[in-house]
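In: whatever this is, show me its structure:
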Amino acid sequence: MTFKKYLQIFEKKGTKIEKRIRLVISVFILTGLMIFSTFFYFDRALIFIPILIIAGFLLTYFALLEGIEKMAWFGLFFTPVALTIFFYLFYFLFPGRWLTRIPFIAVYGISLYAVLLCSNIFNVGVEKNLQLYRAAFSVNFLFLTFLAFIIFNVLFSLKGLFIVNMVIAGGVGFLLSLQLFWTIKLDKKLEKEVVNNALFITIILTELTILTSFIPLKGTIAALFLTASFYSLGGVVYNHIDQKLFKETVREYTFVWLFVLIILILSISW
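Out: From the prediction side, this is the model:
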């Protein structure tokens, strides 16, 4: 029996369960696994990362099941899986106690449920002019920005070489941008325009990462600056793709970026 056949059997049995119940089951299992994994020290984190990746992928598939084709295998799965992995790594930046574990797990569970709902809305092919799609797109963009901050925070906390920071930040920027721009049209195939715009964001974030690596900054401030850069650039580009780019829109995103830039400048400790 082929792997595709197993998936068909799994999908047939899984669809007998109401989708919202499948979403809740997936969130509870992943949240429980996350709680269990936080009881181990960071030196054992590598053991749980592949487990969380596999569990995140399978439970996202269990929550969605129907109609997943081609580019959707990346677009629908990236945010839930990446959120799970980097939330886990982000946890080790805090003291390992119940006072931090409880709110951390609560935020993770709520965030995971929200991104799974967004993936489900994208998967069922809601019309772009409907309020439901617009809400899902906005929430997805919010969590991609939140995810960017977590990833950049973890990256700078490791205090690695600027070359390592540059490569990882560029890769992160590309994947986040690819997912964001794909959700604009939800095409089954990866369009050249989406890739080119994602590469544009990647180049800018790579250059900014090199710059921040040579400036005496706290890791949190550097992460905030790169996150604001991703948010502002991503916002301008997606409005351009969606043919809704106006002067007011550019002004709003530019203001956000300049505000964070001022914070960065004031935080430099020469």
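
In: can you pull out the helices in the stretch 51-200 of the chain?
Out: Under the criterion DSSP state H, counting those that start in this stretch, the stretch 51-200 of the chain contains helices at 72-75, 78-91, 98-123, 131-157, 162-185, 192-213.

In: give me whichever of these is most buried.
Out: Comparing the helices of the stretch 51-200 of the chain by mean neighbour count (mean count of other Cβ atoms under 10 Å), helix 78-91 comes out on top with a mean of 22. For the C-beta atoms, the positions are set from N, CA and C on the backbone; glycine is no exception.

In: what's the angle from it to helix 131-157?
Out: Relative orientation of helix 78-91 versus helix 131-157 (axes from the mean of the first three to the mean of the last three Cα atoms, to 10 degrees): 40 degrees.

In: check the offset of helix 78-91 from the chain's centre.
Out: Relative to its parent chain, helix 78-91 has a centroid offset of 8 Å by Cα atoms, centre = their mean, to the nearest Å.

In: show me what that helix is in contact with.
Out: 30, 34, 37-38, 45, 48-49, 52-53, 55-57, 60, 101, 104, 108, 111-112, 115-116, 118-119, 140, 143-144, 147, 150-151, 153-154, 175, 179 (Cβ atoms under 8 Å, 6 or more residues apart in numbering).

In: now render the helices of the stretch 51-200 of the chain as CSV, adding mean pLDDT and distance to residue 259.
Out: Shown next, in CSV, are the helices of the stretch 51-200 of the chain (pLDDT from 0 to 100; distance: least, Cβ to Cβ, whole Å):
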stretch, mean pLDDT, distance to residue 259
helix 72-75, 88, 31
helix 78-91, 91, 24
helix 98-123, 90, 24
helix 131-157, 91, 15
helix 162-185, 91, 20
helix 192-213, 91, 16
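
In: so for residue 244, which of those helices sits nearest?
Out: helix 162-185 (10.3 Å; Cβ to Cβ).

In: CA atoms of that closest one as CSV?
Out: C-alpha atoms of helix 162-185 as CSV (Å, rounded to 0.1, in the frame of the first residue of the first chain):
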residue,chain,number,x,y,z
PHE,A,162,27.5,37.8,11.7
ILE,A,163,27.7,35.4,8.7
VAL,A,164,25.5,32.9,10.5
ASN,A,165,23.1,35.6,11.5
MET,A,166,23.0,36.9,8.0
VAL,A,167,22.2,33.5,6.4
ILE,A,168,19.6,32.5,9.0
ALA,A,169,17.8,35.9,9.0
GLY,A,170,17.8,35.9,5.2
GLY,A,171,16.3,32.4,5.1
VAL,A,172,13.7,33.3,7.7
GLY,A,173,12.8,36.4,5.9
PHE,A,174,12.4,34.5,2.6
LEU,A,175,10.1,31.8,4.1
LEU,A,176,8.0,34.3,6.1
SER,A,177,7.6,36.5,3.0
LEU,A,178,6.8,33.5,0.7
GLN,A,179,4.0,32.4,3.0
LEU,A,180,2.6,36.0,3.4
PHE,A,181,2.6,36.7,-0.4
TRP,A,182,1.2,33.3,-1.2
THR,A,183,-1.9,34.0,1.0
ILE,A,184,-2.7,37.1,-1.2
LYS,A,185,-3.9,35.0,-4.2
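
In: counting by contacts, list what that helix packs against.
Out: helix 72-75, helix 78-91, helix 131-157, helix 192-213, helix 219-241 (3 or more Cβ pairs under 8 Å, 6 or more residues apart in numbering; DSSP states H and E).
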